[in-house]
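> 3D model of this:
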Amino acid sequence: MARALRIWLACAAFAAASLTLALWLGSSTIGAGEVWRLLLAPDDSAASQVLHQLRLPRAWAAFGTGGLLALAGALMQVLLRNPLAEPYVLGVSGGAAVGALGAMVLGLAAVLVHAGAFAGALLSIVVVFAVARRDLGAAAIGDGGEGTPRLLLAGVMLAAFWTALVTLMLALAPEARIRGMLFWLAGDLGATDAGAAPAWALLLATLAMMPLARSLNMLLRGPLVARTLGVRVVALRRVLYAVASLCTALAVTTSGAVGFIGLVVPHGLRLVIGNDQRVLLPACALTGGAALLLADTVARTLVAPQQLPVGIITALVGVPTFLVLLLRRR
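The predicted structure follows:
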C-alpha cells in the first residue's frame, strides 16, 4: 500500500505541475504564485477573469479527457489481453466522428455537434456489442485465453465503415466548414465547453473500477483461470466493455479524436510500475490527464495567437515515445 501511495502522489504532483503550467501560460502570462492566489481568492481583475472563464474550464476539460482516454486504454488492454490495445480499437471514435461531422455539414450549433458525436459513439458501442456479444458471454470463457477475435473484427470493420462515411462527408462538405471538421478529426479542445464534466466522469469511472481491480488482475491470466479463482468472467467482461466504451465516448465528444494518450500512457506506466490494476488504474487517470493537459498547453501557445489541434502534439510526441517503449521492452 505504501508503494501505491508513493506512485499516486508522484502522479498527482505531475498533474498539479501540469495544471499550474496550463493556467500560467497563454497570450497574457499570469505568475505561478498569482495563479494559485486567484484560484483561492478570485477578484474582479482581468487576470482573474481570464483564469476562471477561459483557462480553468479548458484545463479541467483537457485533464478529464486525457484521464478518460488513459483509463479506457488500460481497461481495453485488460479486456482484449493485449498491451497494445487502445480506446479507439472498437470503432467508437469513428461513430463519434460521423455524428459530429454530420452536424457540422448541416451547420448545426456546437451543442448539437457534441450531441451528434455522443450519439454516434453510443451507436458504435451498441452495434459492436450486438455483433460480438458471444465474445463477451459465456462462450468466450472456453476460448483458451486467446482473446476476443469477433469483438476485434467487429470493431475494425465498423471503423472502416465509419471512415468511408467520414471521407464522403469531407468530399461533399462546403469549403468553409472543412477547417473545423479537420480540427475535430485531429482532436481539438479550442471549442469545448464541457468544463469540469469530463473530470467528474473520470473520478466516477475510476472509483467504479477500483473494487474490480483484483478481479482484473485475475482476468489477465485468462478467463478459465479467472473463473477457477471465483471471478464472474461474463459480467466482468461486459462491465469492462461498457465502462471503457463510455469513457471513450465522453472523451471523444469533448475533444474529438485525440490519439496516443490511451495507448502510450497505460503501456508506459505498465513498464514502469507493473501491471497491478489496483495501482495502475488511478495512475493512468492522473498521468493521462496531466499528459493531455501539457499537450494542450503546447498546442495553444506554440504558435500563439494561432492554436494547433492538440491531436497533432500528442501524435508528434506519442509516436517516438511509443517506439522508445517498444525498444525498451524488447
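> pLDDT on stretch 302-315, on average?
Across stretch 302-315, the average pLDDT comes to 85.
> quick one: P87 and A244, what's the gap?
7 Å (C-beta to C-beta, to the nearest Å). Bear in mind the C-beta positions are built from the backbone N, C-alpha and C, glycine included.
> can you list residues touching both of these two?
Listed as contacting both P87 and A244 by C-beta atoms under 8 Å, 6 or more residues apart in numbering are 72, 76.
> wait, what's in contact with A70?
261-262, 265-266, 284-285, 287-289, 291.
> And these, which two are furthest apart?
Farthest pair in the contacts of A70 (C-beta to C-beta) is P266 and G289. Separation: 13.0 Å.
> on that earlier part again, of the contacts of A70, closest to L19?
Once C-beta to C-beta is applied, the member of the contacts of A70 that ends up nearest L19 is G289, at 9.0 Å.
> for that closest one, what are its contacts?
Neighbouring residues of G289 by C-beta under 8 Å, 6+ apart: 15, 18, 62-67, 70, 199, 202.
> list the buried ones in the helix or strand harbouring it?
In the assignment (DSSP states H and E), G289 maps to helix 277-301. Buried residues in helix 277-301, counted by 16 or more other C-beta atoms under 10 Å: 277, 279-301.
> which ones are touching G95?
Counting by C-beta under 8 Å, 6+ apart, G95 has contacts 120-125, 127, 158, 162.
> one more time with 6 Å, if that's ok
By C-beta atoms under 6 Å, 6 or more residues apart in numbering, the contact list for G95 reads 120-121, 123-124, 162.
> Could you name the helices and strands sitting against the helix or strand encompassing T20?
Using DSSP H and E, T20 falls within helix 2-24. Where contact means 3 or more C-beta pairs under 6 Å, 6 or more residues apart in numbering; DSSP states H and E, helix 2-24 is packed against helix 32-40, helix 277-301.
> of the contacts of A70, closest to L56?
G289 (14.2 Å).
> Tell me the buried residues in the worst-scoring helix or strand of the chain on mean pLDDT?
Lowest on mean pLDDT, DSSP states H and E among the helices and strands of the chain sits helix 32-40, with a mean of 76. Of all the residues in helix 32-40, those buried under the rule 16+ other C-beta under 10 Å are 34-35, 38.
> any idea which helix or strand comes after the helix holding G289?
Next along from helix 277-301, by DSSP H and E: helix 310-329.
> Nearest the geometric middle of this protein, what residue?
L69 (1.5 Å; C-alpha atoms, centre = their mean).
> My read is that that one contacts L263, right?
No - using C-beta atoms under 6 Å, L69 and L263 do not qualify as a contacting pair, with a distance of 8.9 Å.
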